[in-house]
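*Asks:* next come a sequence and a model predicted from it.
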Amino acid sequence: MVRKRGALGRLREMPVRGSGGWTGLEQSHEGELNPCELGVGDAGLANGGAEGMTSSDKPSIDRSCAMSYERTMVDVLRRGNQELFHSSMLAWLFDAEAEHGFGDRIIRLFAEQVSEQGHPGLLDLVRSGDLLRVSTERTGRPGRYDLVVEADGVRCIIENKVKSLGNIAQLLRYERDEGCACVIPLGLTKATFKPEVPNVVTYDMICDLLDAVEIEKNNDWHILIAHYRKYLRMQLDLFMRVEKCYAGGDFASDHRSLTQDLGSWALSTDNDRRVMNQFLLELFRARHLMTGPYQADDWHSHKDDRSGAWLAGSPSRFEVDSAFVPDGHPEAKFWIHLELHGGPYAEDPEDHAGEIQLRASTSGSNRQLLKHVQAVHTLAPSERFSARIVDSWRSFFVLARSLKKREITLNQLEVQLGEFLARCGKLN
């Protein structure tokens, strides 16, 4: 039997913010990462490789160079954004009896690596000698599990996030399921899970595992594996290049080739754009909002169909200019909201890429509040007031400052945020 381990146990000592966002914030949209851990190319195989794997087993990959973004089977079938596809692919690779011919090598290497990253329960299960069963979309009492590895009544649950955002409440709920040995958060990048989730395993590790095993050329299934690995490498390379270009690289020389590859047919769905925008905002949160004058752990991020991706501060942290609050509206709340639309996908450095907003909620009239702000505030270049207000809205933007593509590099974004704050209030 395998002893139950609580890989997420230390999270119970952490405060968990509710998923509903700040009052009135999410209703209008319907719907902290360690700065040293945000990179997508650093998961790697620890200590040069897993048990039975040496550094010579792994091909040398130069991730600093742009890749050739050729279409793969995954692109043709339009399955790259579907978590169930990735879960099914992993379940097949983890199955020792499957057609790939690897036996249990992939699941053993994966178990060894995730054990070193704080999830030992799966390795206990693999080493137990019991017959392993791998399944997807399993329904349990706490919810539906993406991927389950189990033996003799003990299971390890893998919560798989590719183009959506995972949270700690879901993982803790799964961990309480009877028979659960561990819950492993697996994300395309570490930014695929909210900041409070520790020990996130990334798909960079999956790529490394596939690099480390020898594919038999006389096995037709090697074509599927090669295309899947290539698809993942291209995706991860794009995230790495966005980080390099916008977080300290040479934007002027890097952005054009990056924009061309981001906009290629195979990689340019609306959800891809929202995911990349959210990734960039998470980089900004980690490097500029966790330290310095804007230091706080209560910036809230989200992505949705209408507004792309956004990052919002807490109303309790923002002190609006007193002139913005009309008589009779002392209960009005204001907060700062960063929103990316085109983001890195915008073509020209002068094109609109997003905006900084001053948002508000009030129990009084939205129209009256906006009218008052319009009377006391003189617009600066690139600023605008909201053009349409409905009193029934729980929240709305009062004032917005447009951001050009060249202004969403992390350093420039901090400058623009500081200038906008100086015109309408300050962070406490």
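*Replies:* Received it, and whenever you're ready, just let me know what you need.
*Asks:* hey, let's count contacts and neighbours off CA atoms from now on
*Replies:* OK.
*Asks:* could you pull out the helices for this structure?
*Replies:* 73-76, 83-94, 105-116, 121-127, 168-175, 203-212, 222-246, 251-262, 270-284, 366-376, 410-424 (DSSP state H).
*Asks:* and the strands in the stretch 1-150 of the chain?
*Replies:* 133-140, 143-151 (DSSP state E, counting those that start in this stretch).
*Asks:* walk me through which strands the longest one pairs with, and which way each runs.
*Replies:* Sheet neighbours of strand 143-151, with direction, are listed as strand 133-140 (antiparallel), strand 154-161 (antiparallel) (DSSP bridges).
*Asks:* what sits up against the last one?
*Replies:* The list of residues contacting strand 154-161 from outside it, by CA atoms under 8 Å, 6 or more residues apart in numbering, reads 1-2, 83, 87, 121-122, 125, 145-150, 171, 174, 179-188, 192-193.
*Asks:* got it, and stretch 397-414?
*Replies:* Everything outside stretch 397-414 that qualifies as a contact, by CA under 8 Å, 6+ apart, is 245-248, 251, 283-284, 288, 343-344, 346, 348-360, 370, 373, 382-386, 416, 420.
*Asks:* in it, what's buried?
*Replies:* Residues of stretch 397-414 classed as buried: 397-410, 413-414 (neighbour count, 16 or more other CA atoms under 10 Å).
*Asks:* ok, stretch 138-150 next?
*Replies:* 145-150.
*Asks:* looking at these, which two lie furthest apart in space?
*Replies:* Comparing every pair within these by CA to CA identifies 146 and 150 as the most remote, at 13.2 Å.
*Asks:* got the angle between the helix or strand of the chain with the lowest mean pLDDT and helix 270-284?
*Replies:* When the helices and strands of the chain are scored by mean pLDDT, DSSP states H and E, strand 300-304 comes last with a mean of 77. Interaxial angle of strand 300-304 relative to helix 270-284 (axes from the mean of the first three to the mean of the last three CA atoms, to 10 degrees): 170 degrees.
*Asks:* tell me the strands beside strand 300-304, with direction?
*Replies:* According to DSSP bridges, strand 300-304 has these partners: strand 308-312 (antiparallel).
*Asks:* residues touching the partner strand, excluding its own?
*Replies:* So strand 308-312 is contacted by 273-275, 277-278, 281, 299-303, 335-341 (CA under 8 Å, 6+ apart).
*Asks:* enumerate every residue touching the spatially most central residue of the chain.
*Replies:* Taking CA atoms, centre = their mean, the centroid of the chain lies closest to residue 192, which sits 2.6 Å from it. Contact analysis of residue 192 by CA under 8 Å, 6+ apart lists 161-166, 279.
*Asks:* mind pulling up the pLDDT for the closest residue to residue 276 other than its chain neighbours?
*Replies:* Closest residue to residue 276 apart from its sequence neighbours, by CA to CA, 6 or more residues apart in numbering: residue 239 at 7.4 Å. You'll see residue 239 listed with a pLDDT of 92.
*Asks:* can you get me a residue count around residue 239?
*Replies:* Residue 239 has 21 neighbouring residues, counting by other CA atoms under 10 Å.
*Asks:* does it really touch residue 277, like I thought?
*Replies:* No - the pair residue 239 / residue 277 is not scored as a contact, 10.4 Å apart, by CA atoms under 8 Å.
*Asks:* what's the distance between the residue sitting furthest away from the middle of the chain and residue 364?
*Replies:* What lies farthest from the middle of the chain is residue 327; by CA atoms, centre = their mean that is 41.5 Å. Going from residue 327 to residue 364 by CA to CA, to the nearest Å gives 11 Å.
*Asks:* what does residue 351 give?
*Replies:* Distance check for residue 351 against residue 364: by CA to CA, it reads 36 Å.
*Asks:* same question, residue 322
*Replies:* 17 Å.
*Asks:* pick out whichever of the two has more residues nearby.
*Replies:* residue 364 (15 against 10).
*Asks:* just to revisit the earlier point, could I get the helices of the chain as a markdown table with distance to residue 135?
*Replies:* Below are the helices of the chain laid out as a markdown table (distance: least, CA to CA, whole Å):
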| stretch | distance to residue 135 |
| --- | --- |
| helix 73-76 | 21 |
| helix 83-94 | 6 |
| helix 105-116 | 13 |
| helix 121-127 | 14 |
| helix 168-175 | 16 |
| helix 203-212 | 18 |
| helix 222-246 | 19 |
| helix 251-262 | 33 |
| helix 270-284 | 27 |
| helix 366-376 | 51 |
| helix 410-424 | 41 |
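*Asks:* out of those helices, which comes closest to residue 393?
*Replies:* helix 366-376 (7.8 Å).
*Asks:* what does that closest one contact?
*Replies:* 323-326, 329, 385-386, 389-391, 393, 398.
*Asks:* confidence-wise, which of those residues comes last?
*Replies:* Lowest pLDDT among the contacts of helix 366-376: residue 329, with 70.
*Asks:* just checking, that residue touches residue 364?
*Replies:* Yes - applying CA under 8 Å, one finds residue 329 in contact with residue 364, separated by 6.7 Å.
*Asks:* could you pull up the residues touching residue 228?
*Replies:* By CA under 8 Å, 6+ apart, the neighbours of residue 228 are 72-74.
*Asks:* need phi/psi at residue 346.
*Replies:* phi -60, psi 140 (degrees, to the nearest 10).
*Asks:* from memory it sits against residue 259, does it?
*Replies:* Yes - contact criterion CA under 8 Å: residue 346 and residue 259 qualify, at 7.3 Å.
*Asks:* settle it for me: which of the two has more neighbours?
*Replies:* Each of residue 346 and residue 259 has its neighbours counted (other CA under 10 Å); residue 346 has more, 22 against 17.
*Asks:* ok, now how distant is the more buried one from residue 403?
*Replies:* Distance from residue 346 to residue 403, by CA to CA: 11 Å.
*Asks:* which regions of the protein sit below the pLDDT cut-off?
*Replies:* 1-68, 265-268, 290-297, 305-307 (pLDDT under 70).
*Asks:* domain map for it?
*Replies:* 39-241, 269-427 (automatic domain parsing).
*Asks:* can you put those in a markdown table and add distance to residue 255?
*Replies:* Below are the domains of the chain laid out as a markdown table (distance: least, CA to CA, whole Å):
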| stretch | distance to residue 255 |
| --- | --- |
| domain 39-241 | 9 |
| domain 269-427 | 8 |
